[in-house]
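Student: coordinates for the following, if possible.
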Amino acid sequence: MTIYNFSAGPAVLPKEVLQQAQAEMLDWHGSGMSVMEMSHRGKEFMGIAAEAEADLRELMGIPANYKVLFLQGGASQQFAMIPMNLLRGKASADYLNTGEWSKKAISEAKKFGAVNVVATSADKNFSYVPEFAAWKCDPEAAYLHFTPNETIGGVEFSWLPDAGSVPLVADMSSCILSRPIDVSKYGLIYAGAQKNIGPAGLTIVIVRDDLVGNVVAGTPTMLDYKTHADNDSMYNTPPTYGIYIAGMVFKMLKRNGGIAAMEQTNIAKANLLYAAIDASAGFYNCPVATDNRSRMNIPFTLKDAALDGAFVKQAEARGLLQLKGHRSVGGMRASIYNAMPLAGVQALVEFMNEFAKQNG
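Tutor: Predicted coordinates:
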């Protein structure tokens, strides 16, 4: 039986990458060492890290005036590092609130300065993206922070906010590499790796040069972007194995047509699953506004919540794992990141149709 893992993160990784990691586990390229054993300052690992950065720059078209940092602490640590590094003496920062991860970022930022919430979708349980015309942005804000894809609520942006001269900051943890973006439109992009990049433990930050080097007084050395930028992310031991796996994922993407090709596959997967939900005559329901539906995280409820347990149990028997929704939302959630094959979504849709027929 083929297993399909719909976990929101840590999430499914490309099979070919895992197979390569398995083959190289004890001896990387004749070095006699596992990557896990290598000194981060040795020529072998320095080469791995440099290649991973070069491939990511190529994939995303990252301009030369941006630093790429391989960090630890997850996106949650960035909630603090961003105001520490980007307030730059300004009184406040703008934040959009579209769900659980936005709320966490806002809560942390308030510890370092004033936060102006430009708009929120709390009135409809975070099921949509507020229209940009309604945002109350401050042209003097230090930066504008938003979450392009809310992992828990399944709300995703299909457009880019125009922040003018204010640096745009984006938490792309659950959508990075899933569609092409223009990096030059952002001041800073950050993402935990455990959804579309690699294993948990690695965090990637892409930050414009002019936003580095002016931290809030008292900022710890390890929370200053300049510390890592000046040392090629090697100030201390970085998450070496995570960088190695990420590098292989980047090469896999390059071999398969890059991010533009990946986007087309992601569109096909999402369309297939949403079509099944919409065609179920109300047996399944997606709470997200149609125009804001995520391609990565698809939440849905059953017409009778009493069927939830049976749905999860029978899905697991079919090899369809981790479909139970987040505890704060309930229902189901299928995370269909880059590494989820189309066959996995097809198997899920087939099961959903059968379950609806049996219990409708």
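Student: helices of the stretch 251-360 of the chain, start to end?
Tutor: For the stretch 251-360 of the chain, helices defined by DSSP state H, counting those that start in this stretch occupy the ranges 258-278, 308-317, 342-359.
Student: closest one to residue 72 among those?
Tutor: Nearest to residue 72 among the helices of the stretch 251-360 of the chain is helix 258-278 (24.9 Å), distances taken as Cβ to Cβ. To be clear about C-beta, it is placed using only N, CA and C from the backbone, and glycine gets the same treatment.
Student: angle of that closest one against helix 342-359?
Tutor: 10 degrees (axes from the mean of the first three to the mean of the last three Cα atoms, to 10 degrees).
Student: coming back round to it: and of the helices of the stretch 251-360 of the chain, who's closest to residue 77?
Tutor: helix 258-278 (25.7 Å).
Student: what about dumping the CA coordinates of that closest one to PDB?
Tutor: What follows is helix 258-278, C-alpha atoms only, in PDB (Å, rounded to 0.1, in the frame of the first residue of the first chain):
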ATOM      1  CA  GLY A 258      11.800  25.000 -11.600                       C
ATOM      2  CA  ILE A 259       9.200  26.900  -9.700                       C
ATOM      3  CA  ALA A 260       7.100  27.800 -12.700                       C
ATOM      4  CA  ALA A 261       6.600  24.100 -13.500                       C
ATOM      5  CA  MET A 262       5.900  23.300  -9.800                       C
ATOM      6  CA  GLU A 263       3.200  25.900  -9.800                       C
ATOM      7  CA  GLN A 264       1.300  24.200 -12.600                       C
ATOM      8  CA  THR A 265       1.400  20.900 -10.700                       C
ATOM      9  CA  ASN A 266       0.200  22.700  -7.500                       C
ATOM     10  CA  ILE A 267      -2.700  24.300  -9.400                       C
ATOM     11  CA  ALA A 268      -3.700  20.900 -10.800                       C
ATOM     12  CA  LYS A 269      -3.600  19.300  -7.400                       C
ATOM     13  CA  ALA A 270      -5.500  22.000  -5.600                       C
ATOM     14  CA  ASN A 271      -8.200  22.300  -8.400                       C
ATOM     15  CA  LEU A 272      -8.800  18.500  -8.200                       C
ATOM     16  CA  LEU A 273      -9.300  18.500  -4.400                       C
ATOM     17  CA  TYR A 274     -11.500  21.700  -4.400                       C
ATOM     18  CA  ALA A 275     -13.600  20.300  -7.200                       C
ATOM     19  CA  ALA A 276     -14.300  17.200  -5.200                       C
ATOM     20  CA  ILE A 277     -15.300  19.300  -2.200                       C
ATOM     21  CA  ASP A 278     -17.500  21.600  -4.300                       C
END
